[in-house]
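Let me see the structure of the following:
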Amino acid sequence: MGGRRFALLSGLFVACAACGALFGAEDVGPDQPAPPTDASDEDAFVVPDATSDVAPKPDACASFDLATDGQHCGSCDHDCLGTPCAGGVCQPQVLASPGFEEHLVVAGDRLVARRSNGNGYRRLVSIPKSAPSTAAQELDLEPLATNFNDDVSGGIVFDAPTLYWGTQGSIRRMPPDAGPETVTPAVAVKGFFVAGAVLGWSESTMPNGAVRHCDLPACAAPQGLTVPNRAAVDVVVLGGQRYFFALDPANGAELHLEGGPTFATAQTSASRLVTDGTRIYWAATDAFRAFTPPSTVVDVVTTPTLPERFFSVAVDADSIWLTRDKGVDRCDRALPCTPAPYAATADKVRAAFDGIAVDASFVYWLTFDGKVVRVRKPR
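Coordinates of the predicted model:
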């Protein structure tokens, strides 16, 4: 059995090395060739609020069609970085075929998410983020996901250069020069964080969940607390304090300070918690909310127009990004903000716990049937 495990992991190392590995530096640029794709491009993509604002052509751009040229989209030298251009606007592009479920993260020059393996167990899969992928370019990072205890159940965190993920029975990691290894036993991991040398996670068991943390790299003697009569579904650190979401079957999701008060109750179908170092954000089907310590008030930033619903949230230096039924919305980081439609595809968006991710150039999200899609960020 040990020899078989070694063979599995050795094969994984070779695969990672051959494709630039999971942990490569970001490499997004207009000169990258697009490989053949197994991803479906049959859907018609639109940016619903985009209008063509093709700028006057300087002499240097006189030969380009600014309405359709991917390297001069809408104006001279505005590069869509490999995605289509239509009407002078960079359009969404499918990166991977259906089957991805949730926990989408950017990991260097690749994307990682949870994907069903078709046999009832959920895998951890990595794909290139720079162009549509082929089946051969998909890397299965968790070769042990063949039984319930190793099923990839929980969140995924990339704390460069190491990837962490949760299973039904443990927290696992993949350092840059090694294969998957177990960090610590854990039960039904749902969400977690890495903050400096501290690893924290939530356990979504019922009737009693838990939030726990330990010191890396050994993660010996985890500490934490039991959450009575609730499943703990996510945990974040802000200002040196741990905040977590607990799911009360009778009262919805609640935001708690570990060892302290409860700040929000009756949150419907809450997403993962996201922090920018100042606030905590989350999306729910009925509203997008923000919490700014030391205030004890949870702000309703905006509500969707029914029957639309919010699903997932991501934050970068300038923007807040939200997924909803029909697409991706954007608003400025300054609150209050009013999210405006930014991009959509013919497919609805997946109702995922964390189905959106961002990097310096792109927004990535999951469609209803599990495709991975990207669109260029605004100039």
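
Show the contacting residues for the residue nearest the centre of the chain.
For the chain, Leu104 is the residue whose C-alpha lies nearest the centre (C-alpha atoms, centre = their mean; 3.1 Å). Contacts for Leu104 (C-beta atoms under 8 Å, 6 or more residues apart in numbering) come out as 111-113, 352, 354-357, 364-366, 372. To be clear about C-beta, it is placed using only N, CA and C from the backbone, and glycine gets the same treatment.

what does Pro304 give?
285-288, 310, 324.

cool, Met206 as well?
Met206 neighbours (C-beta under 8 Å, 6+ apart): 230-231, 249.

what does Thr226 give?
Thr226 makes contact with 208-210 under the criterion C-beta under 8 Å, 6+ apart.

is it true that Ala246 touches Ala210?
No. When contacts are counted by C-beta atoms under 8 Å, Ala246 is not listed as touching Ala210 (10.0 Å).

what do the two both touch?
227, 232.

So what sits opposite the closest residue to Ser319 other than its chain neighbours in the bridge?
Nearest residue to Ser319 in three dimensions, chain neighbours excluded: Arg330, at 5.2 Å (C-beta to C-beta, 6 or more residues apart in numbering). When assigned by DSSP bridges, Arg330 has beta-bridge partners Trp321, Ala340.

Would you mind measuring from Arg330 to Ser153?
Separation of Arg330 from Ser153 (C-beta to C-beta, to the nearest Å) stands at 31 Å.

hmm, which of the contacts of Thr226 are the buried ones?
Neighbour-count burial within the contacts of Thr226 applies to 209-210; the criterion is 16 or more other C-beta atoms under 10 Å.

Pick the one among the contacts of Thr226 closest to Val297.
Nearest to Val297 among the contacts of Thr226 is Gly209, at 25.5 Å by C-beta to C-beta.

residues in contact with that closest one?
Contacts of Gly209 (C-beta under 8 Å, 6+ apart): 202-203, 226-227, 230-233, 246-247.

Take those residues and keep only those in helices.
Taking DSSP state H, every one of the contacts of Gly209 sits outside helices.

Can you tell me which of these comes closest to Pro92?
Within these, the smallest distance to Pro92 is 29.3 Å, found for Val233 (C-beta to C-beta).

need the contact list for Leu306.
Leu306 touches nothing, counting by C-beta under 8 Å, 6+ apart.

just to revisit the earlier point, how about TSV for the contacts of Gly209, with distance to Gly179 added?
Below are those laid out as TSV (distance: C-beta to C-beta, whole Å):
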residue	distance to Gly179
Ser202	26
Glu203	25
Thr226	33
Val227	33
Arg230	35
Ala231	31
Ala232	29
Val233	29
Ala246	34
Leu247	34
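
quick revisit: so which of the contacts of Pro304 sits lowest on pLDDT?
Least confident by pLDDT among these: that is Thr285, with 75.

still on that earlier bit, any idea which of the contacts of Leu104 has the most stuff around it?
Leu366 (30 neighbours; other C-beta atoms under 10 Å).

Can you say which helix or strand has it in it?
According to DSSP states H and E, Leu366 maps onto strand 362-366.

Check which helices and strands that strand is in contact with.
With contacts taken as 3 or more C-beta pairs under 8 Å, 6 or more residues apart in numbering; DSSP states H and E, strand 362-366 sits against strand 100-107, strand 356-358, strand 372-376.

So which of those strands is nearest Val237?
strand 100-107 (17.2 Å).

Inside strands: which ones of the contacts of Thr226?
Within the contacts of Thr226, residues falling in strands by DSSP state E are 209-210.

Let's have the contacts of Thr226 in TSV, adding distance to Ala270.
Output for the contacts of Thr226, formatted as TSV (distance: C-beta to C-beta, whole Å):
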residue	distance to Ala270
Asn208	19
Gly209	14
Ala210	18
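
Return the member of the contacts of Thr226 nearest to Cys80.
Gly209 (43.9 Å).

Name the nearest residue to that closest one, sequence neighbours excluded.
Closest to Gly209 by C-beta to C-beta, 6+ apart is Ala232, at 3.7 Å.

Hmm, Ala246 and that neighbour touching each other?
Yes. Using C-beta under 8 Å, Ala232 is in contact with Ala246, at 5.2 Å.

quick revisit: neighbour-wise, which one of the contacts of Pro304 leads?
Phe310 (28 neighbours).

where's the residue nearest to it when sequence neighbours are not counted relative to Ser202, distance?
Counting by C-beta to C-beta, 6+ apart, the nearest residue to Phe310 once its immediate chain neighbours are dropped is Ala283, at 3.9 Å. Between Ala283 and Ser202 the computed distance is 18 Å (C-beta to C-beta).

more crowded one of the two?
Using other C-beta under 10 Å as the criterion, Ala283 and Ser202 rank with Ser202 on top: 33 against 29.

How confident was the prediction at the more buried one?
pLDDT at Ser202 comes out at 93.

now do the one 5 residues further on
The predicted local distance difference test score for Pro207 is 89.

what about it, how many residues close to it?
Using other C-beta under 10 Å: Pro207 sits among 10 other residues.

Please apply the same query to Asn251.
12.

show me where the chain has helices.
2-18.

Low-confidence ranges, it, go.
Applying pLDDT under 70 to the chain flags the ranges 1-59, 117-119, 148-149, 266-269.

Let's see that with 80 instead.
Across the chain, the ranges flagged by pLDDT under 80 are 1-61, 117-121, 143-150, 250-251, 264-270, 285, 305-307, 379.
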